[in-house]
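*Asks:* starting from these lines, generate the structure:
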Amino acid sequence: AAVVLACTAGIYSSYLYQGYLQEKITTAVYAPSSSRLPHLGMLHGLQSFVCFVIAGIVNVVMSGGKKKSTVKRAPLVEYMKPALTNTIGPALGILALKNIPYSSQVLVKSCKMVPVMIMGTIFGKKRYTFAEYFCVGLICFGLVVFSLKKSSAASKKLADPNLLLGYSFCFVNLAFDGFTNAYQDKINSQYKATTSLDMMCWMNFFTGLLLSGYMFGFTTIGQELSSFLLTHPKASYDVLVFCICGAVGQLFIFITINKFGALTLTLVTTTRKFFSILISSVFLGSTLVGQQWLGVVLLFTGLFWNIQMKGAKANKTKAQ
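*Replies:* Purely as a prediction, here's the structure:
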């Protein structure tokens with residue numbers, strides 16, 4: 001019980017504060033030039049390198065003194081395909097924050113199960129229960145109810161309000177995340193010795209490598225971003241803490257998956273997203289109106305119902 005509480009506290013504190021910083025970084029005007037941080041999508045690349053370094057250190061420490069396993073781990077080249085979609089998807093998710101409020105982005109990203117079920121039905125010939133389809137319908141309806149109402153307090157903080165563009169970025173992000181997750185599952189099933197920490201380490205390495213190549217090899221984005229951070233110390237501090245929070249959060253996710261399984265992690269991360277919206281509304285001035293709160297409640301009701309059904313299925317399988 002103590003370990004699961006510690007993991008929950010670690011995930012909550014890391015990602016809630018990272019969410020707070022993400023909204024702040026994407027909406028703040030930094031001194032001395034009174035400018036916003038340029039090239040927001042590249043934040044994901046900076047975070048990837050910090051995650052790689054921390055995961056690499058932990059991996060080395062944990063594997064020290066252990067005998068090498070005879071079971072084959074995934075070759076590094078296997079991480080390239082999911083790293084490509086992991087490079088583009090989250091970058092678009094961050095870019096969306098120029099166009100839509102943070103709460104809207106969190107809600108869309110909470111709907112990962114929707115494209116998974118749709119793709120599974122169409123291409124994987126999978127069949128789901130009526131209750132599972134109803135959950136998806138409830139989630140989609142909640143998102144529509146939320147999206148049809150604007151909050152002027154949240155919208156006025158945006159650099160370039162544009163609902164269509166912002167939601168489009170988020171849905172492309174969801175699609176790319178779906179491919180990334182599916183390919184990671186393939187790696188895990190094919191190479192049994194590959195751990196979540198290996199995945200965290202090398203996915204972040206190749207993601208950072210691809211974004212760095214783009215920023216410094218093909219564009220001037222890297223120079224412009226570096227110049228801004230060097231001349232705006234408060235922005236540099238916010239970005240550094242943002243990256244560290246992401247890395248620490250990923251480590252707690254690794255511990256939670258290994259100790260308690262994916263279902264516990266899903267419950268923790270889903271409730272964390274709800275509190276992210278609450279913090280954004282209460283502490284960052286992105287106040288939601290009544291209809292939007294109704295949409296939030298409907299969407300998370302669907303999510304928690306789905307988690308409950310997964311738990312019941314898992315218990316039934318164990319009993320057999």
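*Asks:* now the strands: where do they sit in the stretch 1-150 of the chain?
*Replies:* In the stretch 1-150 of the chain, no strands are found when defined by DSSP state E, counting those that start in this stretch.
*Asks:* mind listing the helices for it?
*Replies:* Listed in chain order, the helices of the stretch 1-150 of the chain (DSSP state H, counting those that start in this stretch) span 2-27, 43-63, 80-95, 102-109, 113-122, 130-147.
*Asks:* weakest of those in terms of mean pLDDT?
*Replies:* The minimum mean pLDDT among the helices of the stretch 1-150 of the chain belongs to helix 113-122 (a mean of 72).
*Asks:* what's the angle between that one and helix 102-109?
*Replies:* Here helix 113-122 runs at an angle of 20 degrees relative to helix 102-109 (axes from the mean of the first three to the mean of the last three C-alpha atoms, to 10 degrees).
*Asks:* for the chain, longest helix please?
*Replies:* In the chain, taking DSSP state H as the definition, the longest helix is helix 290-319.
*Asks:* quick one: buried residues of it?
*Replies:* Within helix 290-319, the residues that qualify as buried are 292-293, 295-296, 298-300, 302-303, 305-307, 310, counting by 16 or more other C-beta atoms under 10 Å. No exception for glycine: its C-beta is placed from N, CA and C like everyone else's.
*Asks:* list the contacts for the closest residue to A28 other than its chain neighbours?
*Replies:* The shortest distance from A28 to any residue other than its chain neighbours is 7.0 Å, reached at R36 (C-beta to C-beta, 6 or more residues apart in numbering). The contact partners of R36, by C-beta atoms under 8 Å, 6 or more residues apart in numbering, come to 26-30, 159.
*Asks:* which SSE is K234 in?
*Replies:* Taking DSSP states H and E as the criterion, K234 maps to helix 233-260.
*Asks:* quick one: the following helix or strand past that helix to helix 2-27, angle?
*Replies:* Next helix or strand after helix 233-260 toward the C-terminus (DSSP H and E): helix 262-283. Put simply, helix 262-283 runs at 40 degrees to helix 2-27, going by the same axes, to 10 degrees.
*Asks:* what's helix 262-283 packed up against?
*Replies:* Secondary-structure packing of helix 262-283 (3 or more C-beta pairs under 8 Å, 6 or more residues apart in numbering; DSSP states H and E): helix 2-27, helix 102-109, helix 233-260, helix 290-319.
*Asks:* now do the buried residues in that helix.
*Replies:* 264-269, 271-274, 276-277, 279-281.
*Asks:* just give me the least confident of the buried residues of helix 290-319.
*Replies:* K310 (78).
*Asks:* pretty sure that one is touching L267, no?
*Replies:* No. Under the criterion of C-beta atoms under 8 Å, K310 is not in contact with L267, lying 9.4 Å apart.
*Asks:* look up the pLDDT of T70 for me, please.
*Replies:* 60.
*Asks:* same check on L229?
*Replies:* Model confidence at L229 (pLDDT) stands at 95.
*Asks:* any idea how far the nearest residue to T270 once chain neighbours are set aside lies from K313?
*Replies:* The shortest distance from T270 to any residue other than its chain neighbours is 5.2 Å, reached at L303 (C-beta to C-beta, 6+ apart). Computed as C-beta to C-beta, to the nearest Å, the L303 to K313 distance reads 16 Å.
*Asks:* if we can go back for a sec, can you redo the contacts of R36 as a markdown table with neighbour count and distance to I88?
*Replies:* Below are the contacts of R36 laid out as a markdown table (neighbours: other C-beta atoms under 10 Å; distance: C-beta to C-beta, whole Å):
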| residue | neighbour count | distance to I88 |
| --- | --- | --- |
| T26 | 21 | 18 |
| T27 | 21 | 23 |
| A28 | 16 | 25 |
| V29 | 10 | 28 |
| Y30 | 19 | 26 |
| A159 | 14 | 21 |
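*Asks:* which two among those residues are spaced furthest apart?
*Replies:* Y30 and A159 (12.9 Å; C-beta to C-beta).
*Asks:* give me every residue that touches the residue lying closest to F254 once chain neighbours are set aside.
*Replies:* Excluding the flanking residues, the one nearest F254 by C-beta to C-beta, 6+ apart is S196, at 4.5 Å. The contact partners of S196, by C-beta under 8 Å, 6+ apart, come to 253-254, 257-258.
*Asks:* L303 now?
*Replies:* L303 makes contact with 110, 113, 135, 139, 270, according to C-beta under 8 Å, 6+ apart.
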